[in-house]
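>>> Structure here, sequence nowhere to be found:
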């Protein structure tokens, strides 16, 4: 995926974190994280970005699924998906018109205020 679409390392990290977050949401049998703040070490980067609902305490925090219930996380996720989609569209100019209809969804009022993860 990286060579074909020119995805930068930070954007790939974001995408991988989105996949892991999706896995946490989809799989209902959660195991204890083993951390005081109820957040798994393999997703620490997401918490460090300040995207979660949190008590702000390092010695205790909301349950994992409650931390995920965050508007900041939603905005970040949409920005990552939009940036990835831009790269897919740009990868093949001949087929780009086919994909532009879906991309226009990101131009709706709901998404106007979201930051661009990738500027083009």
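All right, it came through fine. What you see is a predicted model; the values in this text were computed from it and never measured.

>>> where does the chain dip in pLDDT?
Residues of the chain that meet the criterion pLDDT under 70 lie in 1-3, 28, 30, 110-120.

>>> In it, where's the longest helix?
helix 71-91 (DSSP state H).

>>> buried set for it?
By 16 or more other C-beta atoms under 10 Å, the buried positions in helix 71-91 come out as 73, 76-80, 82-89. Where C-beta positions appear, they are placed from N, C-alpha and C, glycine not excepted.

>>> Stretch 21-41 now?
By neighbour count with 16+ other C-beta under 10 Å, stretch 21-41 contains the buried residues 21, 24, 33, 37-40.

>>> List just the nearest of those residues to residue 14.
Among these, residue 21 lies closest to residue 14 (C-beta to C-beta), at 10.4 Å.

>>> how about the closest one, what does it touch?
43, 46, 68, 73, 77 (C-beta atoms under 8 Å, 6 or more residues apart in numbering).

>>> Equivalent analysis for residue 73, please.
Applying C-beta under 8 Å, 6+ apart, the residues near residue 73 are 21, 46, 51-52.

>>> Please repeat the previous calculation with a cut-off of 6 Å.
Residue 73 is in contact with residue 51, counting by C-beta atoms under 6 Å, 6 or more residues apart in numbering.

>>> and the spatially most central residue of the chain, what does it touch?
When C-alpha atoms, centre = their mean is applied to the chain, the residue found nearest the centroid is residue 77 (3.2 Å). Shown in contact with residue 77 (C-beta under 6 Å, 6+ apart): residue 18.

>>> Now for the buried residues of stretch 21-41: which two are most distant?
Going by C-beta to C-beta, the pair spanning those furthest: 21 and 37, at 16.1 Å.
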